[in-house]
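> predicted coordinates and the sequence they were generated for:
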Amino acid sequence: MSANWTEQMKNRDEIKTEYKERREHLDRRLLLRLRFYLVLMLIEFAVIAVELLNGSFALTSALFFAAVGLIIGIILTRRFHLSWDEKMNTVVGSTDVIGAIILVCYLIFVFTKPDILGLYEQGHQLLLALLALSAGTQLGRIIGTRRGILRLQQAV
């Protein structure tokens, strides 16, 4: 049993070391952006969870809006073109023409989504639908960015 525990601890240390090595090769702004998305997403999901437990929001609605947000978030990750900076030896994100077009479309969506969702939801339900959509978007951005970073780090 102690040999198994020792092996598990070695595996845990290897995972920590690999994580630290990967994080060292990330641009600080990119890492801060991902952390901001994570904190925002956790707060939004916490509010939604409380409302689900209170019974003031349907689980199916929350899942639907979060799923739509997830798809939007994954599309939005294309807004930042990830590349390897040889000088700094890190992954950096920059906006290109396609990213700028996606950003403009997203901004149009952000300013019109209360009107669009207002056709289906009202009042408190609209706020919760917007939170679920936003939380799903943040999750999609984290997943998409993480996938892009791992793909780039494996290529290098």
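Structure received.

> let me know whether residue 106 touches residue 76 as I believe.
Yes: using Cβ atoms under 8 Å, residue 106 is in contact with residue 76, at 6.0 Å. C-beta: built from backbone N, CA, C; applies to glycine.

> who has more neighbours, these two?
residue 76 (22 against 16; other Cβ atoms under 10 Å).

> output the contacting helices and strands for the helix or strand containing that one.
Using DSSP states H and E, residue 76 sits in helix 59-76. With contacts taken as 3 or more Cβ pairs under 8 Å, 6 or more residues apart in numbering; DSSP states H and E, helix 59-76 sits against helix 28-54, helix 97-118, helix 123-155.

> in CSV: these, plus mean pLDDT.
Formatted as CSV, the helices and strands packed on helix 59-76 follow (pLDDT from 0 to 100):
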stretch, mean pLDDT
helix 28-54, 86
helix 97-118, 69
helix 123-155, 82
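
> next, the buried residues of stretch 35-52.
37, 41, 44-45, 47-48, 51-52 (16 or more other Cβ atoms under 10 Å).

> returning to what we had before: in the helix holding residue 76, what counts as buried?
By 16+ other Cβ under 10 Å, the buried positions in helix 59-76 come out as 61-62, 65-66, 68-70, 72-76.

> closest one of those residues to residue 136?
The closest of these to residue 136 turns out to be residue 69 (Cβ to Cβ; 2.4 Å).

> wait, the closest one sits on residue 136?
Yes: contact criterion Cβ under 8 Å: residue 69 and residue 136 qualify, at 2.4 Å.

> thinking again about what came up before, right, so of the helices and strands packed on helix 59-76, which gets closest to residue 87?
That would be helix 28-54 among the helices and strands packed on helix 59-76, by Cβ to Cβ, at 14.6 Å.

> which helices and strands sit right next to the closest one?
Helix 28-54 packs on helix 59-76, strand 90-95, helix 123-155, going by 3+ Cβ pairs under 8 Å, 6+ apart.

> what angle do it and helix 59-76 make?
170 degrees (axes from the mean of the first three to the mean of the last three Cα atoms, to 10 degrees).

> residue 139 contacts residue 67, doesn't it?
No: using Cβ under 8 Å, residue 139 makes no contact with residue 67, being 10.0 Å away.
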